[in-house]
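[1] Just a sequence and a predicted model for now, questions to come.
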Amino acid sequence: MATLVQAIRLALHVGETRHGVTDIFGEDVGPPLGGVFTATQGLKTAWNSPLDERGIIGTAMGLAMAGQRPVAEIQFCDYIYNTIDLLKLAGNTLWCSNGAYNMPMVCMTPVGAGIRGSVYHSHSFDATATHIPGWKIVIPSNPRDAYGLLLSAIVDPNPVMYLAPKGLLRAKANGPDERIPGEPDDDRLLSKMIDAPLGDRSQWTPQWPAVEDLFIPIGEARVARRGSHVSVITYGRTLPMAVKAAEELAKEGIDTEVIDLRSLHPYDWPAIVASVKKTHKVLFVNEETEVTNFGEHLIRRTVDELFYELWAAPKLLAGAFVPGIGLADNLEKASVPQLEGIIDAVRTLHRHQP
Amino acid sequence: MATLVQAIRLALHVGETRHGVTDIFGEDVGPPLGGVFTATQGLKTAWNSPLDERGIIGTAMGLAMAGQRPVAEIQFCDYIYNTIDLLKLAGNTLWCSNGAYNMPMVCMTPVGAGIRGSVYHSHSFDATATHIPGWKIVIPSNPRDAYGLLLSAIVDPNPVMYLAPKGLLRAKANGPDERIPGEPDDDRLLSKMIDAPLGDRSQWTPQWPAVEDLFIPIGEARVARRGSHVSVITYGRTLPMAVKAAEELAKEGIDTEVIDLRSLHPYDWPAIVASVKKTHKVLFVNEETEVTNFGEHLIRRTVDELFYELWAAPKLLAGAFVPGIGLADNLEKASVPQLEGIIDAVRTLHRHQP
Amino acid sequence: MTTTAHDPAAASALAPELLLRIHDLMVKTRVLEERLITMYKQGDGYFWIGGPGEEAFNVVLGLLTHKGRGPAYDYLHLHYRSAGTLLALGANPVDFLRQMKNIASDPFSGGRNFAGHSVIPEWNVVPITSPIEVQYSIAPGTALAQKRSGGKGITIVQGGDAGTAEGDFATCLVWSSRRGQELPVLMIVTNNHFGISTPFEGQHGETYIADRGKAFGMRTEVIDGNDPENVYAALSRAMDYVRTEKKPFLMEAMVSRLYGHSSASGANYNAGEADCLTRFEAKLQARGLITAEACEQLRAKYTQELLEASKRVREELPPEPETIWNHIFADTDHVGDAARGAAKSEGDR
Amino acid sequence: MTTTAHDPAAASALAPELLLRIHDLMVKTRVLEERLITMYKQGDGYFWIGGPGEEAFNVVLGLLTHKGRGPAYDYLHLHYRSAGTLLALGANPVDFLRQMKNIASDPFSGGRNFAGHSVIPEWNVVPITSPIEVQYSIAPGTALAQKRSGGKGITIVQGGDAGTAEGDFATCLVWSSRRGQELPVLMIVTNNHFGISTPFEGQHGETYIADRGKAFGMRTEVIDGNDPENVYAALSRAMDYVRTEKKPFLMEAMVSRLYGHSSASGANYNAGEADCLTRFEAKLQARGLITAEACEQLRAKYTQELLEASKRVREELPPEPETIWNHIFADTDHVGDAARGAAKSEGDR
Ligand SMILES: Cc1ncc(C[n+]2csc(CCOP(=O)(O)OP(=O)(O)O)c2C)c(N)n1
Ligand SMILES: Cc1ncc(C[n+]2csc(CCOP(=O)(O)OP(=O)(O)O)c2C)c(N)n1
Ligand SMILES: [Mg+2]
Ligand SMILES: [Mg+2]
């Protein structure tokens, strides 16, 4: 079974062999490294760009305008913030040109904490990304979604932001329904086939397994765990954490529903509505700093449209509004949601009597 | 009585003569133009920078580190988005260095719609700015606040973002309590004293009136109109609009309270609490696009802390989530809040029976 | 100057028909700009920005462009002073009036964008945008597609002098000159010695902006952009090099700014600047290729045509408010459930 | 090379005491980096990045810096390979161990930032940050303060080769060279021929990065950064120029990357690269200034000292969770009511 990062690599391989991807590029994306997280090893269209994020986004825009299918990587989303004007431009080009030019490009970038990455390798990007009109935005939490969302992003005619949760890159499928159609059963075998060897790689070529197409629809959430007492709506790294929390809470008789949003724009509002109408209590969880946070948008809409369904105030569990995520364990843990925090928040919501 | 843009100029003059401002700079900020909106005419420390927003923010950071007091202008906030990484850095420098270096700088930029500025001269910046930790953020809606907030920004030891609502730059004081202490009564006289003449300006020097110091505290809201039925919390260009709406609504017997937030970070939470506890119905208004919007943060906190005070779901009236503000009147009006929209929203809230 | 390009021999190399064609287009462009300024002054538009003073350069650029759609043809990443280039390609001047009047029939933006922000996908004219210099970060992308396709298409990117201070200009230098992976990019700086109110002097350490290409092994040239014959020769050489060698070239053309920066600075004629049109007309007249009277007539003809067009345009309809929701995404115009539906069907492929 | 700076005469100009001092600092720096790597490998830290292979250059840079606080002294905008410069200034190597171990006593960041991210306000060492190249956009600000103050202080800004592709490098070229307003900036590129895994070749059109300064009228020089005597001569000349003329200078120093990019690439010794320390020791020994044995002893002494220090550091306390709320603002540590209170009192001044 593939890890999440192998799933990305497999999708890129399928993208460049079957769906017209012409360029997979960014800093250290090409040989010999194939990406700082190995996401782009062995891909025939992968190449190393200059160390210039503005050039990476700009060049992807130009490639897209010229009918190519680029997948541009920003090495860490922490370093994307000098390109926000270009991202806005990519998102408004179709609209400003009254439909004349679109930007069928994918921007792929690792996000989130959980690897003791300190101030500049722990950032989230969902607040900023969701505030930029004209982009679709996806964020997987397991290998199957990572694979299927990336293929959907690749064939999408619009710019798509693909956020890869850093802390889950080595995560594997949690059961058979999180598997990639056609992937080998044997992890060791898969690794041998597609992971670049240590040392000299100049003679190495990957053996790609015959994986099948899979398009996870952009805009469709997944119910990660059904439950009836409290809804937890989350995505990315905090998704498995929420499932874990639900398992713990089940021991106390609290039946938690966990929804994996997967797409942040467009997002699956009907799935949220259905869950809130069932549980009447909802917690939104994400890793971003909590002021002007995408979870606050979801709360606003929940309050706006479902006010009389709510048996308790909807809650947000998000990152502390501090300037960075500190390196020391104590600091990181105090800055972004942890398992205990989710358990506590759900417990409090459940206990709450209207 | 000074206009809002004259108030800015007066504050900058006081800043450079009495409070240590060393540099007022940006594109076209120095002579001969003195700013595309005349905000920096006649100032002795004003100079023209290269056309490079990254250089402007970076240089301001360096100046601040070296003990200078820079006020850096980004000509339109629409062009600030290639510097978000630097703004984040300015906001995290004190924190990352464990208190060693701070950035006592002011970044001043015109924001908002209302002047038929089309896609790239109509932007708001409050959503993005409020998501960056480590900055204080202010936005005036009348000349007195423009003056007093800028002086507070100048003497603040932290980076302060000063957002100037474009559509209000020519607005004058709405009554004597919105006046600047010491300003001349006669508008014509003031203009003659401090507005640069048309044509050749090389021989011109301004005659500065003896205005007094005024420090409007950062973090303190202002009740623009007292009311008891519905609270409208807003700032910037939509503030006078909300006051106007309240006047209209008063004719129908709806008594609207209007709060001018003035500071977006830190913001005056006690003022919001007091108003909501009185009216139990609240509308937040701003011009920014509505997904991941600062008003959504305020709604989240309101719901979080005041759920049982609310007699109706709190509402947000903000900009449409579209990629730009179109030039044609129809398009601009459909994209950002208008007077009628505020009136309608307050009316609906007022009518609402819990 | 890097290379002195004012070569009188080259001038005489152009056929009289071509010279008259250039002249015709220059007049047409100038009259269009003047009409746009008048529209602005009469309240038929909120803002004017354009290229009076750049006609000699821009018209010739349009004439030399290989126009068409896709990587086999030239890509044009222009700026807001490029009407001359677009008219030379064959654009309809009335479309510029429509954008000025921000009406629904504005083909470039449907009433959304300012005058001068053209887009013509049929001829690879990518959207002209307001942010200065970003086109220089985007241009390497179209050039890479062209290099790969192996055709003769090149990427042309143009901007002003002040804007070269933005990092994007350096990005284009870096990305287009990587050794072994050079890109067919013709970088053009149209130097009018100003950025809004700020003079060139005092902002630049470079004597010539074009010199910045040298460290990157790029060919560079500084030319007088006010003389269309000279421009023709220099651009022909430069384009030929880029097309054949598939390597970048940086050209700096000295031009005038005849009506100031934009309507924000008044948009009045500045007699202190060299006027490429009157200069060229004097030359053509001296050579006996056209009479002063014929020049007058040509100008009068276009003036009348555009005056009439501006009246028609005034009667056309503004965009409807709900059109703000169009063209947010290519596959669906509305966000939310509709987009979700679209995504679902996509999954079924 | 722009100027060939390898001048044997200059070498002999340095007094033996100075040469031994440089050697001592180079050894100390190397041993510190090795200790940090060991700490990382033993799990006493999450990430290592540093400058083994840059000691010859960085130590000399530190020795030549005018250290102190405020515009009268030099400002240092360094990168994450600068331990040698800081030790030469007089920094305590144990502080680097503290940052590696992210403990509360880490004076640079209180356990918040990665190893190599130093800050020393007493000596104008501004915070070293992770984002590549932003220091080049900030440096003109400190230099402007210095030029204005009229003292002898200069601004030194340093970064890697790959990072020069960022627009910030161009920003520094533009802002520091404006004619008539030149700034006292010494721009340094420490060229180790790699950006993480990406070789210099294939990413650059420039033969020498330093050549990019020429179009801006800047003095430039490319030097062998592995020879401290050579570095001493070249840096002395360059600093002298910047101090005296108050104009920018761009220096490119060729250096080695002895333990790869960072712990992410294994942090193992790369015997394929020139080692400035062994080279310098051979030279000093050949000249009879030191014996191989003395070199060994020096290394053993520092190794022992830092081993012991690392054991002590291991016992020190981590930062408390609630310290995340410290130093958000200079006037108040918490946001909300407290900040509001602070703002209120400010209004009373
Ligand atoms: C990124 C950005 N910053 C600022 C502006 C505002 N602005 C519009 S035109 C202009 C001056 C441009 O000067 P130059 O590059 O020389 O071009 P010119 O207008 O002279 O042709 C400025 C500062 C902008 N449009 N975009
Ligand atoms: C803006 C930014 N982009 C990407 C990175 C990730 N990154 C860290 S070091 C590095 C390579 C730097 O190479 P170079 O400038 O040559 O410096 P060196 O490490 O070789 O000294 C990269 C890409 C970063 N830290 N900052
Ligand atoms: Mg110009
Ligand atoms: Mg390097």
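    Nice, thanks for sending it over. Ligands and ions are numbered 1, 2, ... in the order given.
[2] Okay, buried residues for the helix or strand hosting residue A:270 please.
    Element membership of residue A:270 [criterion: DSSP states H and E] is helix A:269-279. Across helix A:269-279, burial judged by 16 or more other C-beta atoms under 10 Å in any protein chain shown covers A:269, A:271-272, A:274-276, A:279. Yep, even glycine has a C-beta here, placed from its N, CA and C like the rest.
[3] out of those, who's near chain C?
    Among those, proximity to chain C is found for residue A:269 (C-beta under 8 Å from any C-beta of the partner chain).
[4] now, which of the buried residues of helix A:269-279 sits nearest chain C?
    residue A:269 (6.4 Å; C-beta to the nearest C-beta).
[5] how near is that closest one to residue A:310?
    The gap separating residue A:269 from residue A:310 is 16 Å, by C-beta to C-beta, to the nearest Å.
[6] Need the pLDDT of the residue of chain C found nearest ligand 3.
    Taking C-beta to the ion, ligand 3 has its nearest neighbour within chain C at residue C:160, 3.6 Å off. As predicted, residue C:160 sits at a pLDDT of 98.
[7] Give me the spatial nearest neighbour of the most centrally placed residue in chain A, chain neighbours excluded.
    Closest residue to the average C-alpha location of chain A: residue A:139 at 1.9 Å, with C-alpha atoms, centre = their mean. Of all residues not flanking residue A:139 in the chain, residue A:163 sits nearest, at 4.1 Å (C-beta to C-beta, 6 or more residues apart in numbering or on different chains).
[8] check contacts around the one you found.
    With contact set as C-beta atoms under 8 Å, 6 or more residues apart in numbering or on different chains, residue A:163 has these partners: A:77, A:109-111, A:125-126, A:129, A:137-139, A:236.
[9] in the stretch 1-150 of chain A, which spans are strands?
    A:23-26, A:46-48, A:70-73, A:106-111, A:136-138 (DSSP state E, counting those that start in this stretch).
[10] Residue C:136 belongs to a strand, doesn't it?
    No. Residue C:136 sits outside any strand when classified using DSSP: H, G, I helix; E, B strand; the rest coil, being helix.
[11] and the closest residue to it other than its chain neighbours, which of the three is it?
    Closest residue to residue C:136 apart from its sequence neighbours, by C-beta to C-beta, 6+ apart: residue C:172 at 3.8 Å. Secondary structure, three-state DSSP: residue C:172 is helix.
[12] The one 10 residues further on too?
    Going by three-state DSSP, the secondary structure assigned to residue C:182 is coil.
[13] ok, now residue A:232?
    strand.
[14] burial count for it?
    Residue crowding around residue A:232 was assessed by other C-beta atoms under 10 Å in any protein chain shown; the count is 33.
[15] Can you name the residues bridging to residue A:222?
    residue A:260 (DSSP bridges).
[16] who's in contact with it?
    A:145, A:259-260, A:262.
[17] what separates it from residue A:243, distance-wise?
    On the measure of C-beta to C-beta, residue A:222 and residue A:243 end up 11 Å apart.
[18] Check residue C:20 too.
    Distance from residue C:20 to residue A:243, by C-beta to C-beta: 76 Å.
[19] Tell me which of the two has more neighbours.
    Neighbours per residue, other C-beta under 10 Å: of residue C:20 and residue A:243, the larger number sits with residue A:243, 20 against 15.
[20] Checking my notes, the more buried one in a strand, right?
    No. Looking at residue A:243 with three-state DSSP, it is helix, so not inside a strand.
[21] That one contacts residue A:225, correct?
    Yes. Counting by C-beta atoms under 8 Å, residue A:225 is a contact partner of residue A:243 at 5.5 Å.
[22] and for those two, which residues touch both?
    Joint contacts of residue A:243 and residue A:225 (C-beta under 8 Å, 6+ apart) are residue A:258.
[23] Residue C:296: how many residues sit nearby?
    11.
[24] That one is in what secondary structure piece?
    Judged by DSSP H and E, residue C:296 forms part of helix C:292-315.
[25] What residues of that helix count as buried?
    Quick answer for helix C:292-315 (16+ other C-beta under 10 Å): C:295, C:298-299, C:302-303, C:305-306, C:309-310, C:313.
[26] Can you name every helix or strand that the one helix or strand residue C:278 maps to contacts?
    Of the helices and strands defined by DSSP H and E, residue C:278 is found in helix C:276-286. Here helix C:276-286 touches helix C:16-41, helix C:55-64, helix C:292-315, going by 3 or more C-beta pairs under 8 Å, 6 or more residues apart in numbering or on different chains; DSSP states H and E.
[27] ok, 7 Å please
    helix C:16-41, helix C:55-64 (3 or more C-beta pairs under 7 Å, 6 or more residues apart in numbering or on different chains; DSSP states H and E).
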